[in-house]
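# starting from these lines, generate the structure:
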Amino acid sequence: PYTYNTAPFLANKKSIQQGYVTSEPFAVKKEGGFVPNQFLLADYGWDTYSTTIEVMQDTIDKKPEVVQCFVDGSAKGWYKYLYGDNKAANDMIKKDNPDMSDEQIAFSIEQMKKFGLADSGDTEKLGIGAMTDERIKNFYDKMVKAKVTPAGIDIKKAYTLTFINKGVGLELKK
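Below is the predicted model of the structure:
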């Protein structure tokens, strides 16, 4: 299980550990003095989306402009954070999490860029937050094949692409 603790990994040279590319490699280098091998699940077929925005259907129906504003603001915020002046945001992060250092934050941003965690693939043309029907269906098909979920579900009822894929914030990428 993911415990946010690298000690067992560092103590056993034959072990492996799941983790976040923005966090555990930093801790291993700092505490263990070496850079661990990193294997992104996405490189091995796990290409589902993560860190999505969820909203009630009633809010979409009654306040679509609020949803659009939130989605657009989120995309612009990520561009400004990754490619602009993020000092104020980093100060807030450190205030809320005193264990977070400037070094850790810089490492995390570097890793996010290096591995394209927020900005790669479809986002290069459609903007941060991009999603496609094809990729969502691909994940659903994998889950059906693994017998995690039944076949025949109308997955299009579970999401909308209405508020994304508009290139919002692309001009902020520097």
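# domain-wise, how is this protein divided?
The chain breaks down by automatic domain parsing into domains covering 1-39, 48-172.
# now those as JSON lines including mean neighbour count and mean pLDDT?
C-beta: built from backbone N, CA, C; applies to glycine. What follows is the domains of the chain, written out as JSON lines (neighbours: other CB atoms under 10 Å; pLDDT from 0 to 100):
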{"stretch": "domain 1-39", "mean neighbour count": "13", "mean pLDDT": "93"}
{"stretch": "domain 48-172", "mean neighbour count": "14", "mean pLDDT": "96"}
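# which parts of the protein are helices?
For the chain, applying DSSP state H gives helices covering 7-11, 24-32, 57-62, 64-83, 87-96, 102-114, 123-126, 133-145.
# packing partners for the longest one?
Meaning helix 64-83. helix 57-62, helix 102-114 (3 or more CB pairs under 8 Å, 6 or more residues apart in numbering; DSSP states H and E).
# ok, Pro98 to Gln104 distance?
12 Å (CB to CB, to the nearest Å).
# also Asn5?
16 Å.
# where's Val66 relative to Tyr49, distance?
Per CB to CB, Val66 is found 22 Å from Tyr49.
# same thing with Asp85?
Taking CB to CB, one finds Asp85 at 28 Å from Tyr49.
# again, but for Tyr159
For Tyr159 relative to Tyr49 (CB to CB), the value is 9 Å.
# what residues are shared contacts of those two?
Met131, Ile136 (CB atoms under 8 Å, 6 or more residues apart in numbering).
# among the helices and strands packed on helix 64-83, which comes closest to Gln18?
Closest approach to Gln18 among the helices and strands packed on helix 64-83 is made by helix 102-114 (15.4 Å; CB to CB).
# quick check: which helices or strands does the closest one pack against?
Here helix 102-114 touches helix 24-32, helix 64-83, helix 87-96, going by 3+ CB pairs under 8 Å, 6+ apart.
# just checking, what packs against the first one?
Going back to what we said before, that points to helix 24-32. So helix 24-32, by 3+ CB pairs under 8 Å, 6+ apart, packs with helix 7-11, helix 102-114.
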